[in-house]
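J.: My questions are about this predicted structure, shown below with the sequence.
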Amino acid sequence: MLFNSLIFTIFLPLVFIGYWITPPRFRNYFLLLASYYFYFSYNPWFLLLLIGTSAFDFWCAKEIQKKESQNSKKTFLILSLVSNLGVLFIFKYFVFTYNTTVSVFHLPYSFLHSFIIPAGLSFYTFQSISYTIDVYRGKYKADDTLSDFLLYVSFFPHMVAGPIVRYHTLMPQLKVVTYFKNIDWQSFVTLTTWGYFKKLVIADNLNLIVTPVFNDPVSFSGFELLLAGFLFVIQVYCDFSGYSDIATGIAKLFNINLSLNWRRPLFSKSLHEFWQRNHISITTWFRDYLYIGLGGNRVSHNRWLLNIFLVFLISGFWHGANFTFIVWGTMHGVMYLIEILIKEKFPAFKAPAFFGWLYLISFHTLSLIAFRANSITDLEYFYKRIFSFEDHYFSLQAFFAKQDKVFFVFMIFTLFILFLKEYNEEFAIVNRSPRLYNILKPAVYLVLILLIFMLGNFSANTFIYFQF
């Protein structure tokens, strides 16, 4: 079930009404059943996988809590990690590993097709893993009920594509009785409206331009390939941050506050700043559970740099079983280290803001081409064509032939709206005048709602990060 599907417009009101008419002591049970039905609609069999892995992690956490010796605690932590990472490997990486082995060693076996990946597999397993690790570290006590833990993992607004919510953020909210009168209706309306605008009007319409280019790069000029890469930067940001906004807004209907996941990363002026603003929940997860697990900065200087690089490399591979994701992670790891080394060598150096932003956008565009490319062969062609500067390099003939010119006018208009709103949030231009802000805010969101129905792509396109 997608947030942008017709069935969800029926599901959400029914769950909302059912939740608030249910006696408080049974609400979490109702919400758990609703969340499981939400996930059941993707693939019934994968619901069993979700329940099984969650329940197993709950048992492992309980055993970690009960055991006295550190070795016994570590045994159950390893069981939790192996089970979760094993499921990830089977569904996301087994076919890739098998086909790569067959290809490299020229084995006499046929290639396998990829498995269907359970929606949100990486997100809910990471959230579950964080619980057992935190219990092992003594950060929390495993004194929750099974039903509360299952709801913590599977709460439907954020389960499939985040944000990955930590125990201390979500679990206490699930244990507190709240009241209908406390619903933050304004946040619900503004967050979901802005999220649907970014998804339906910008991301899904940009997909009509970007996908044909990445599916057939040989038909486009170097500049068209570069332009498609830049538009994909905007598409993936609007698609993923749009999901997070919708999820956060919907959670407000149940008086649940989800963690912040985006802080306008495209205004960043360095890669360091970018990763402090972009997909915050997964970035901090890798920091707390992988980077620190590798030793963090409590090691030698060279090992510290290696730890940083490994985090980027692994996070790249986390996105999918394709060499293109490894390239993407490697590019970010290398550039992140270069920024560190430059800062160490020239501590007083600070690039002008505009040039810092231009560098970040340029690098982000080139790296996301690797993220989006269908294969290493396509990626090699993209980079070769982009940097060749051959004849007709700046031709846009094939690009404009894909859509009507009016379509491009509308897209420029909607991107201008995106820029204005993000710019105002970044620099609080209108907010400086409370009177003007109070007048413009409802008018802006009313216009956004109208534009969603006028320009939105209602084809129920899946969210990009569902595949991860």
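T.: Noted; the coordinates are in hand. Residues are numbered from 1 along each chain as shown.

J.: what's the average pLDDT for stretch 342-358?
T.: Stretch 342-358 shows a mean pLDDT of 91.

J.: Extract the CA atoms of it and return them as CSV.
T.: The C-alpha trace of stretch 342-358 is given here as CSV (Å, rounded to 0.1, in the frame of the first residue of the first chain):
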residue,chain,number,x,y,z
ILE,A,342,42.5,19.7,3.2
LYS,A,343,41.1,20.9,6.5
GLU,A,344,44.0,19.4,8.4
LYS,A,345,46.5,20.9,6.0
PHE,A,346,44.9,24.3,5.7
PRO,A,347,42.8,24.8,8.9
ALA,A,348,42.1,28.5,8.1
PHE,A,349,40.9,27.9,4.6
LYS,A,350,37.2,28.5,4.0
ALA,A,351,35.8,28.6,0.5
PRO,A,352,33.3,31.3,-0.4
ALA,A,353,29.7,30.1,0.2
PHE,A,354,28.7,30.1,-3.5
PHE,A,355,31.7,28.2,-4.7
GLY,A,356,31.2,25.7,-1.8
TRP,A,357,27.6,25.2,-2.8
LEU,A,358,28.6,24.8,-6.5
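
J.: Quick check: buried residues in that stretch?
T.: Neighbour counts using 16 or more other Cβ atoms under 10 Å place W357 of stretch 342-358 among the buried residues. C-beta here means a position set from N, CA and C on the backbone, and glycine is covered the same way.

J.: Contacts for it, please.
T.: Where contact means Cβ atoms under 8 Å, 6 or more residues apart in numbering, the residues beyond stretch 342-358 that reach it are 267-270, 359.

J.: cool, stretch 425-436 as well?
T.: 264, 267, 423-424, 437, 440.

J.: the helices in the stretch 151-300 of the chain, which residues?
T.: Along the stretch 151-300 of the chain, counting by DSSP state H, counting those that start in this stretch, helices occupy 156-159, 167-174, 185-196, 204-215, 222-252, 271-277, 280-286.

J.: Would you tell me what helix or strand V444 is located in?
T.: Per DSSP states H and E, V444 falls inside helix 434-455.

J.: average pLDDT across that helix?
T.: On average, helix 434-455 scores 90.

J.: cool, stretch 315-323 as well?
T.: Stretch 315-323 carries an average pLDDT of 87.

J.: contacts for it?
T.: For stretch 315-323, contacts defined as Cβ under 8 Å, 6+ apart pick out 92-93, 95-97, 114, 122, 282, 286, 290, 325-330, 332-333, 371, 375-376, 467-468.

J.: ok, residues contacting the worst-scoring helix or strand of the chain on mean pLDDT?
T.: Every helix and strand of the chain was ranked by mean pLDDT, DSSP states H and E. The lowest is helix 94-104, at a mean of 82. With Cβ under 8 Å, 6+ apart as the test, helix 94-104 has contacts from 89, 107, 109-115, 321-322.

J.: Which of the residues you listed are buried? Put it as a PyMOL command.
T.: Buried residues within these, by 16+ other Cβ under 10 Å, are selected in PyMOL with:
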select buried, resi 321+322
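
J.: can you pick the most crowded of the contacts of stretch 425-436?
T.: F267 (19 neighbours; other Cβ atoms under 10 Å).

J.: Which stretches in the stretch 351-468 of the chain count as helices?
T.: Taking DSSP H, counting those that start in this stretch as the test, the helices found in the stretch 351-468 of the chain are 353-372, 376-386, 397-400, 405-427, 434-455.

J.: Need those helices in a markdown table (columns: distance to G316).
T.: Formatted as a markdown table, these follow (distance: least, Cβ to Cβ, whole Å):
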| stretch | distance to G316 |
| --- | --- |
| helix 353-372 | 8 |
| helix 376-386 | 13 |
| helix 397-400 | 28 |
| helix 405-427 | 26 |
| helix 434-455 | 34 |
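
J.: so which of these comes closest to N461?
T.: N461 lies closest, by Cβ to Cβ, to one member of the helices of the stretch 351-468 of the chain: helix 434-455, at 14.3 Å.

J.: pull the CA atoms of the closest one into CSV?
T.: Taking Å, rounded to 0.1, in the frame of the first residue of the first chain, the C-alpha atoms of helix 434-455 are listed here in CSV:
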residue,chain,number,x,y,z
PRO,A,434,5.0,37.5,11.8
ARG,A,435,2.1,39.4,10.2
LEU,A,436,3.2,38.6,6.7
TYR,A,437,4.0,35.0,7.6
ASN,A,438,0.5,34.4,9.1
ILE,A,439,-1.1,35.7,5.9
LEU,A,440,1.1,33.9,3.4
LYS,A,441,1.3,30.5,5.1
PRO,A,442,-2.3,29.4,4.7
ALA,A,443,-2.4,30.9,1.2
VAL,A,444,0.7,29.0,0.1
TYR,A,445,-0.5,25.7,1.3
LEU,A,446,-3.9,26.2,-0.3
VAL,A,447,-2.1,26.9,-3.6
LEU,A,448,0.0,23.8,-3.1
ILE,A,449,-3.1,21.6,-2.6
LEU,A,450,-4.6,23.1,-5.8
LEU,A,451,-1.3,22.4,-7.7
ILE,A,452,-1.3,18.8,-6.4
PHE,A,453,-4.6,18.1,-8.1
MET,A,454,-3.8,20.1,-11.2
LEU,A,455,-0.2,19.0,-11.9
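
J.: For the helix or strand that V135 is a member of, name the packing helices and strands.
T.: Assigned by DSSP H and E, V135 belongs to helix 121-136. Here helix 121-136 is seen to pack against helix 44-66, helix 70-88, helix 146-154, helix 156-159, helix 167-174, helix 280-286 when contacts are counted using 3 or more Cβ pairs under 8 Å, 6 or more residues apart in numbering; DSSP states H and E.
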